[in-house]
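Novice: here you go, sequence then predicted model.
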Amino acid sequence: MTELAGTVGDALAGILSHPLVDIVLRGLLIAAVVLWLASAWWVWRDLGERTHDPFAPYLGATGVILATPVFFPLALVVYRLVRPQDPVALEDELALRMAAIQGPEPESTCPGCDRPTDPEWRRCPDCGAEVTVACNACGRPAGVGWTICAWCASELPTA
């Protein structure tokens with residue numbers, strides 16, 4: 001039996017000492033390291049698109065790198081389980097859509113009571129504060145704090 005084990009051991013040593021096997025094993029090792037580092041880069045890039053936190057991508061990539069080339073597949077599985085589902089751009093777009101559905105914000109508010117006012121109003125109907133003044137040259141409404149009329153560029157009277 002020991003003679004058989006010695007023969008198998010010699011045959012295995014002969015195969016492993018072959019230059020082609022050495023090249024294949026080195027190639028596999030290099031491929032594993034490249035895949036490990038590429039995975040860390042992917043986590044960094046993916047997490048950068050999914051959060052506003054500037055440190056999260058670096059933390060995720062560091063976790064993959066610290067997992068070593070042996071355990072990085074497990075680190076990728078853990079990352080896929082805990083990563084945010086939606087990219088930040090999608091969340092921002094949804095927030096903009098919700099704001100658009102809720103309606104436009106009022107163009108102006110009353111300086112006295114903060115009630116939304118129409119740009120054509122001269123006075124606030126709630127508190128009576130002056131909202132706009134009429135331009136002496138063109139008659140169009142201008143803001144109370146304006147120094148010139150936006151439509152005809154004439155000087156407005158100062159308060």
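Specialist: Yep, it's here. Predicted, not measured: the structure shown is a model, and the values here were computed from it.
Novice: just checking, what packs against the lengthiest helix in the chain?
Specialist: Secondary structure of the chain per DSSP state H: the longest helix is helix 19-50. Applying 3 or more Cβ pairs under 8 Å, 6 or more residues apart in numbering; DSSP states H and E, one finds that helix 19-50 contacts helix 56-66, helix 68-82, helix 88-102. Where C-beta positions appear, they are placed from N, C-alpha and C, glycine not excepted.
Novice: could I get the ones you listed as CSV with mean pLDDT?
Specialist: Formatted as CSV, the helices and strands packed on helix 19-50 follow (pLDDT from 0 to 100):
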stretch, mean pLDDT
helix 56-66, 93
helix 68-82, 90
helix 88-102, 84
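Novice: G139 is nearest to which of the ones you listed?
Specialist: Closest approach to G139 among the helices and strands packed on helix 19-50 is made by helix 88-102 (34.0 Å; Cβ to Cβ).
Novice: state the distance from A5 to A11.
Specialist: Using Cβ to Cβ, to the nearest Å, we find A5 at a distance of 11 Å from A11.
Novice: for T132, same thing?
Specialist: Taken as Cβ to Cβ, the span from T132 to A11 is 98 Å.
Novice: and those two? Which one has more around it.
Specialist: When neighbours are counted by other Cβ atoms under 10 Å, T132 and A11 differ, and T132 comes out ahead with 19 against 10.
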